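Enquirer: this one's sequence-less:
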């Protein structure tokens with residue numbers, strides 16, 4: 001018998017014999033799935049997916065496939081060379097022969113059928129693939145019936161040309177409980193059995209036959225098989241072998257984090273003292289909160305985990321407390337990994353940098369991975385029929401990074417939740433890492449309202465079927481999880497003890513409440529910022545030698561750019577911090593990450609004017625981080641500073657301003673903005689002013705209405721709640737907003753607006769994965785990634801990446817591309833025919849296998865693409881509000 005290959009020989013590598021590939025995938029399954037993992041029916045999950053591994057590519061044993069693979073020869077009917085359909089029926093048979101539950105057999109059928117594609121509507125798909133009409137001529141057969149006829153032809157071909165291989169495969173796949181001859185001889189009866197697994201009559205399906213746990217089971221079988229299969233194929237191409245260590249994580253230890261926090265407490269400017277000054281009381285409360293959480297973790301873990309919440313006001317060290325809780329829970333319940341999910345890509349870098357500093361690692365090892373939706377490779381899912389050219393990628397390391405095999409992964413809600421709700425094929429590879437994991441949801445109130453019923457359902461799937469633990473952490477809990485355990489004892493006491501600000505409703509906000517008319521112009525807003533800053537600085541400099549810093553948060557990039565321009569025009573001595581940073585960067589011409597923020601801060605302070613800083617994600621991640629660090633230095637040195645930003649500063653940014661202006665937004669966003677004001681009690685009370693800004697040029701809706709009144713109108717609920725809580729007064733105490741108003745706002749959203757779509761939950765309960773796959777946490781998926789080179793080092797890396805790809809050095813190329821992520825700006829594209837889309841698509845690609853473009857800011861041809869103050873110049877829109 002001629003050798004049967006799963007992957008063909010070429011000039012670089014020997015071919016992979018089919019039996020070797022099937023065995024290798026089965027071996028990898030043993031490393032991917034824990035020995036104690038169970039299906040909903042209590043069966044060993046590892047044994048289930050091992051079975052799938054042995055048969056998933058069995059259809060490649062036909063001469064039709066081998067001729068196509070080795071000689072590019074097409075059979076008379078192309079269905080004859082498709083391998084996944086035959087494998088799916090083999091999977092059902094092999095599982096059934098071992099007496100696995102019928103729903104487990106069905107899950108295996110779908111997992112193999114779609115191991116190169118996306119998951120379907122499970123019941124409808126299985127019915128369509130197994131339903132067979134009698135006495136129908138070939139010309140009248142539908143595609144599924146044509147495929148059934150092709151499978152019959154494939155069975156005959158294998159029996160004639162590779163019977164020994166078939167007998168060996170089915171001996172392994174069924175553990176001796178079934179056989180090749182039995183499978184081959186009972187195919188027609190198997191069609192009926194498979195169709196009955198969906199409770200189908202002759203012409204219809206019965207969705208009630210599937211349990212609510214079917215979707216989670218299909219998801220885990222599929223994701224585990226895809227990970228084992230893709231890494232096997234990639235390893236064969238690169239010449240590496242399988243081992244348990246390939247998939248193992250290096251766990252970040254609780255002890256190291258504890259030592260780090262203790263060192264912070266020892267070197268703090270103030271001791272922890274319940275009765276001391278404000279700084280001492282704040283340190284006392286932080287330590288008390290963490291102690292409370294860790295104490296409650298013990299009892300929480302003793303009840304086998306589930307869902308917990310950490311509810312603390314800004315300034316209480318939620319990030320480190322949350323990490324402490326996650327690592328402690330992991331150790332107590334025998335967990336394997338921690339997944340830390342955040343709402344915005346813009347704050348991932350800060351969390352990653354802190355973890356890197358604590359553990360002295362980077363994101364290329366087994367301890368830490370940073371992964372968000374902008375770093376996802378461009379993947380085209382194959383259909384279950386024509387998937388014969390898949391698995392060409394030999395980048396095992398890249399696959400493992402995207403599979404979250406590290407001990408800690410810092411990611412976005414988009415990556416986490418879209419990987420659970422109808423994921424793309426490659427996204428599925430991270431699903432096995434979620435078993436026995438601890439998942440931290442930082443700021444869950446930022447989730448889109450339409451997902452507010454789906455997220456608790458997905459979390460229930462994680463806790464019940466993946467044995468995961470979930471911790472939701474925020475100052476403004478949106479009441480998503482009914483039976484969650486609060487890990488903070490008496491959280492309200494922390495809100496009462498940490499009043500830092502006073503809220504003020506601007507006249508424009510009052511006008512919105514009363515008439516929805518007359519928003520504040522950018523000229524008026526800029527004048528208010530400039531005049532009040534000048535007045536405060538004049539008074540404070542005479543009396544206390546201090547100055548005031550100001551933060552204005554806008555709802556869109558256009559709005560932030562408009563306000564920045566008006567503030568700059570209103571000042572006679574404006575100093576652009578971005579321009580000073582650009583000068584320092586150009587003068588040193590070193591790696592952007594090496595830029596000394598102290599140098600930038602000193603030059604800004606020495607310039608003698610009024611510093612103005614603009615922040616949005618049109619700036620490169622590395623520049624944003626350096627500029628935020630510069631702003632922090634300036635505010636700590638009591639240098640007057642005006643910052644105009646999008647919402648990227650609202651979460652996870654440890655910087656404090658004396659005064660904060662917030663364009664009208666939902667109450668949770670207003671409270672998050674207030675978290676940047678008087679953060680460490682620098683003053684008796686900070687001021688948080690809520691105003692309603694007008695529409696930028698050429699736009700018809702104000703940014704607030706454009707962003708927050710689509711779908712469920714949030715602004716009326718928010719403003720009416722503030723008006724009721726404030727009693728019509730212009731000022732409102734902090735606790736009244738951060739606790740009372742927040743709780744009332746969420747109550748109204750749940751009870752009066754019934755936020756969240758029940759249809760999304762039904763898709764999970766009925767295993768309609770195709771419909772889930774159409775959902776998205778963000779309203780677009782297409783974007784253009786642009787590497788913005790501002791230094792010689794970055795230009796050299798781009799050129800080196802081009803050379804690496806040209807020379808087929810893919811691992812080096814991947815590493816170079818990873819090193820450029822901090823210099824990459826992602827621009828969402830909403831209209832392919834827009835001038836901006838055409839202009840960006842005209843930029844040079846770094847290499848032929850990527851859509852990532854690049855510009856050189858020193859090249860005059862790229863002058864129109866970049867501004868040192870506002871960053872990459874491209875179209876902005878309402879949908880970019882949180883980016």
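Expert: Happy to help now that I have it. As the structure is a computational prediction, the values presented were derived from the model and not from experiment.
Enquirer: now the stretch 501-650 of the chain, which segments are flagged as low pLDDT?
Expert: 539-546, 589-595 (pLDDT under 70).
Enquirer: tell me which stretches of it form strands.
Expert: Listed in chain order, the strands found in the stretch 501-650 of the chain under DSSP state E, counting those that start in this stretch are 501-505, 549-553, 574-576, 610-615, 641-645.
Enquirer: would you reformat the ones you listed as CSV and include distance to residue 822 and mean neighbour count?
Expert: In short, each C-beta sits where N, CA and C put it, glycine included. CSV is the format used below for those (distance: least, C-beta to C-beta, whole Å; neighbours: other C-beta atoms under 10 Å):
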stretch, distance to residue 822, mean neighbour count
strand 501-505, 33, 22
strand 549-553, 24, 27
strand 574-576, 22, 20
strand 610-615, 16, 25
strand 641-645, 19, 27
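Enquirer: quick one: which of these is nearest residue 10?
Expert: strand 610-615 (49.3 Å; C-beta to C-beta).
Enquirer: what lines up beside the closest one in the sheet?
Expert: If you go by DSSP bridges, strand 610-615 pairs up with strand 574-576 (parallel), strand 641-645 (parallel).
Enquirer: how far out from the middle of the chain is the shortest one?
Expert: Translated: strand 574-576. Distance of strand 574-576 from the chain centroid (C-alpha atoms, centre = their mean, to the nearest Å) equals 36 Å.
Enquirer: show residues contacting it.
Expert: Outside strand 574-576, the residues that touch it by C-beta atoms under 8 Å, 6 or more residues apart in numbering are 567-568, 604, 607, 609-614, 868-869.
Enquirer: farthest-separated two in those residues?
Expert: Spatially, the most separated pair among the contacts of strand 574-576 is 610 and 868, at 17.6 Å (C-beta to C-beta).
Enquirer: ok, residue 32 - how many residues close by?
Expert: Counted with other C-beta atoms under 10 Å, residues neighbouring residue 32 total 28.
Enquirer: ugh, wrong one, I meant residue 353
Expert: Neighbours of residue 353 (other C-beta under 10 Å): 12.
Enquirer: and it, what helix or strand is that in?
Expert: Assigned by DSSP states H and E, residue 353 belongs to helix 348-359.
Enquirer: sec struct for residue 840, please.
Expert: helix (DSSP: H, G, I helix; E, B strand; the rest coil).
Enquirer: let me redo that: residue 462
Expert: Residue 462 - assigned by three-state DSSP - is helix.
Enquirer: circling back to that earlier point, would you turn the strands of the stretch 501-650 of the chain into TSV with distance to residue 482?
Expert: Shown next, in TSV, are the strands of the stretch 501-650 of the chain (distance: least, C-beta to C-beta, whole Å):
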stretch	distance to residue 482
strand 501-505	30
strand 549-553	32
strand 574-576	50
strand 610-615	37
strand 641-645	35
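Enquirer: residue 445: which of these is closest?
Expert: Once the strands of the stretch 501-650 of the chain are compared by C-beta to C-beta, strand 549-553 is nearest, at 16.1 Å.
Enquirer: now that closest one against strand 641-645, angle please.
Expert: If you take axes from the mean of the first three to the mean of the last three C-alpha atoms, to 10 degrees, strand 549-553 sits at 10 degrees to strand 641-645.
Enquirer: one step back: out of the contacts of strand 574-576, which comes closest to residue 101?
Expert: Looking across these and measuring by C-beta to C-beta, the closest to residue 101 is residue 614, at 58.7 Å.
Enquirer: how much space separates that closest one from residue 6?
Expert: Look at residue 614 and residue 6: by C-beta to C-beta, to the nearest Å, they are 54 Å apart.
Enquirer: go on, residue 740?
Expert: On the measure of C-beta to C-beta, residue 740 and residue 6 end up 63 Å apart.
Enquirer: what is the burial count for residue 489?
Expert: Neighbours of residue 489 (other C-beta under 10 Å): 14.
Enquirer: tell me the pLDDT at the nearest residue to it once chain neighbours are set aside?
Expert: Among residues not flanking residue 489 along the chain, residue 292 sits closest, at 4.6 Å (C-beta to C-beta, 6 or more residues apart in numbering). pLDDT for residue 292: 97.
Enquirer: in contact with residue 292: list those residues for me.
Expert: 487-489.
Enquirer: which residue ranges of the stretch 501-650 of the chain form helices?
Expert: For the stretch 501-650 of the chain, the helices defined by DSSP state H, counting those that start in this stretch cover 507-515, 522-543, 557-570, 577-588, 597-607, 621-636.
Enquirer: out of the strands of the stretch 501-650 of the chain, nearest to residue 447?
Expert: Here strand 549-553 is closest among the strands of the stretch 501-650 of the chain (C-beta to C-beta), at 19.6 Å.
Enquirer: run through who's touching that closest one.
Expert: So strand 549-553 is contacted by 525, 529, 532-533, 563, 567, 634-635, 639-647, 649-650, 656-663, 673, 676-677 (C-beta under 8 Å, 6+ apart).
Enquirer: again with stretch 342-356
Expert: Contacts for stretch 342-356 (C-beta under 8 Å, 6+ apart): 252, 319, 323, 340, 361-363, 368, 370, 372-374, 408, 410-413, 442-443, 446-447, 617, 621, 624-625, 628, 647-648, 651-654, 822, 826, 882-883.
Enquirer: from the residues you listed, list just the buried residues.
Expert: Using 16 or more other C-beta atoms under 10 Å as the burial test, these include 252, 319, 323, 340, 361, 363, 368, 370, 372-374, 408, 410-413, 442-443, 446-447, 617, 621, 624-625, 628, 647-648, 651-654, 822, 826, 882-883 as buried.
Enquirer: if you look at those residues, which of them are in helices?
Expert: Counting by DSSP state H, the part of these found in helices is 319, 323, 413, 621, 624-625, 628.
Enquirer: and for the chain, the residue most distant from the center?
Expert: Relative to the centre of the chain, the most outlying C-alpha is that of residue 135, 50.5 Å out, by C-alpha atoms, centre = their mean.
Enquirer: show me what the helix or strand of the chain with the lowest mean pLDDT is packed up against.
Expert: Every helix and strand of the chain was ranked by mean pLDDT, DSSP states H and E. The lowest is helix 396-402, at a mean of 76. On a contact count with 3 or more C-beta pairs under 8 Å, 6 or more residues apart in numbering; DSSP states H and E, helix 396-402 meets helix 214-238, helix 244-247, strand 368-371, helix 810-819.
Enquirer: and the angle for the last one with helix 214-238?
Expert: In this case it means helix 810-819. Using the same axes, to 10 degrees: helix 810-819 against helix 214-238 is 120 degrees.
Enquirer: dump the helices of the stretch 501-650 of the chain to CSV, plus distance to residue 862.
Expert: Converted to CSV, these look like this (distance: least, C-beta to C-beta, whole Å):
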stretch, distance to residue 862
helix 507-515, 39
helix 522-543, 29
helix 557-570, 19
helix 577-588, 14
helix 597-607, 23
helix 621-636, 16
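Enquirer: out of the ones you listed, which is closest to residue 184?
Expert: helix 621-636 (56.7 Å).
Enquirer: need the residues that contact that closest one.
Expert: Contacts to helix 621-636, defined as C-beta under 8 Å, 6+ apart, come from residues 346, 349-350, 353, 549, 577-578, 581, 592-593, 595, 597-598, 600-601, 604-605, 611, 613, 615, 617, 619, 641, 643, 648-649, 653-657, 790, 821-824, 871.
Enquirer: number of residues surrounding residue 445?
Expert: Close neighbours of residue 445, defined as other C-beta under 10 Å, add up to 25.
Enquirer: how much space between it and residue 472?
Expert: 9 Å.
Enquirer: with residue 645 instead?
Expert: Per C-beta to C-beta, residue 645 is found 26 Å from residue 472.
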